[in-house]
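Enquirer: Task: produce atomic coordinates for the following.
(one chain, ligands or ions: 1)
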Amino acid sequence: MKKVAIGVDIGGTSVRLGVVDERGKIVLRENFSTKDYPGRPALLNRLSSGILCLALEARKRQFQITGVGIGAPGPIDVERGFVYFFPNIPGWKNTPLKKILERKFKMKVFVDNDANAMALGEYRFGAGRGSKNMIALTLGTGIGGGIVLGGKLFHGTRFSAAEIGHLKINEDGPLCACGNHGCIEAYIGNGYFVREVQKRLKAKAKSILHEWLREGKELTPKLVQDAARTGDLFSKKMWEEAGSHLGTALAGLVDILNPDRIVIGGGIALGGEMIFGPIRRTIAKKAFPIAARSAKVMPAKLGADAGLVGAAALALT
Ligand SMILES: [Zn+2]
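Expert: Presented below is the predicted three-dimensional model:
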């Protein structure tokens with residue numbers, strides 16, 4: 001009998017559900033828009049009917065369901081599967097999600113933070129495969145992070161570990177969304193990157209971007225990436241700087257955790273070697289040599305499915 005788990009990736013804009021097999025393959029999937037179900041009762045109902053449909057279909061195909069894994073966007077008590085709140089979805093304060101769903105489905109339910117789920121997905125089925133101690137990062141508006149130590153997600157005392165985006169690299173640095181200054185997220189998040197490019201372009205940096213913006217193109221990390229690909233020195237330098245900032249933060253983690261793999265995905269990670277090059281060089285320069293040499297820096301493999309596959313992996317035992 002084929003073993004599968006049901007994975008649920010709850011996001012601020014959409015909820016993805018899927019049946020995932022032991023090799024990390026999504027056998028069945030479904031998604032819906034979070035905003036179509038405002039308020040906790042509506043979203044819980046929709047979530048439950050989605051899980052039920054997938055479970056019925058999986059059983060019809062003679063799969064053995066090991067449980068339900070949920071990746072959710074906020075602070076979670078992982079042991080109790082208890083949601084403290086969701087920053088971008090109102091109405092979920094203090095929700096015993098695991099208890100509610102286990103009662104309903106008579107299946108084991110696991111709940112974890114979405115960044116941890118993503119990290120676990122990459123670890124089990126993506127770029128982290130075969131590693132033992134892995135750091136995973138997702139770069140977007142913010143930075144999500146997860147840490148696997150000795151083959152297990154590291155949660156810390158109250159499950160709030162791995163907030164890698166808020167590692168401080170400069171005590172007087174730019175203001176971060178968390179209210180602090182100098183967090184790596186404030187340097188690498190899409191917002192800061194684009195603002196910084198804009199600022200320097202206004203200060204008359206020489207770049208092909210001036211021309212493209214006059215043509216009406218929108219300034220995004222992708223546009224800066226395209227410009228760098230044409231050989232634009234200014235854009236190349238912006239990527240070099242971003243990579244160097246991130247490399248500095250990672251060098252600190254490399255010295256502390258001595259990981260064998262660092263997996264980076266999302267948004268500006270699409271810059272490829274333009275950003276991976278300076279990240280690797282900075283780690284090599286700033287971390288202790290033994291630790292730096294053992295840490296392989298790789299792009300994430302699972303893309304937008306990492307959260308869903310990782311959520312299922314929570315329940316694939
Ligand atoms: Zn911060």
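
Enquirer: Okay, and the most centrally placed residue in the chain sits in which element?
Expert: Centroid-nearest residue in the chain, with Cα atoms, centre = their mean: Thr138, separated by 3.7 Å. Element membership of Thr138, judged by DSSP states H and E, is strand 134-139.

Enquirer: Note down every partner strand of that strand and its orientation.
Expert: When pairs are called by DSSP bridges, strand 134-139 turns out to pair with strand 143-149 (antiparallel), strand 261-265 (parallel).

Enquirer: could you check whether the longest one is close to the ion?
Expert: Going back to what we said before, that points to strand 143-149. No - judged by Cβ under 5 Å from the ion, strand 143-149 makes no contact with the ion; its nearest approach is 9.0 Å. Using the backbone N, CA and C atoms, a C-beta is placed for each residue, glycine as well.

Enquirer: Could I get the average pLDDT for the very next helix or strand once past that strand?
Expert: Following strand 143-149 in sequence order, the next helix or strand is strand 152-153 (DSSP H and E). For strand 152-153, mean pLDDT rounds to 96.

Enquirer: re earlier: compile the strands paired with strand 134-139 into a markdown table and extend it with columns for mean neighbour count.
Expert: Converted to a markdown table, the strands paired with strand 134-139 look like this (neighbours: other Cβ atoms under 10 Å):
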| stretch | mean neighbour count |
| --- | --- |
| strand 143-149 | 24 |
| strand 261-265 | 25 |
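
Enquirer: Adding mean pLDDT, write these out as CSV.
Expert: Below are the strands paired with strand 134-139 laid out as CSV (pLDDT from 0 to 100):
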stretch, mean pLDDT
strand 143-149, 95
strand 261-265, 96
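
Enquirer: Tell me which helix or strand Arg80 sits in.
Expert: Short version, using DSSP H and E: Arg80 is in no helix or strand.

Enquirer: Might one say that it is in contact with Lys98?
Expert: Yes - when contacts are counted by Cβ atoms under 8 Å, Arg80 is listed as touching Lys98 (6.5 Å).

Enquirer: Specify which residue of the two has the higher count of neighbours.
Expert: Neighbours were counted for Arg80 and for Lys98 using other Cβ atoms under 10 Å; Lys98 has more, 22 against 13.

Enquirer: Spatially, and excluding backbone neighbours, which residue is closest to the more buried one.
Expert: Gly81 (2.3 Å; Cβ to Cβ, 6 or more residues apart in numbering).
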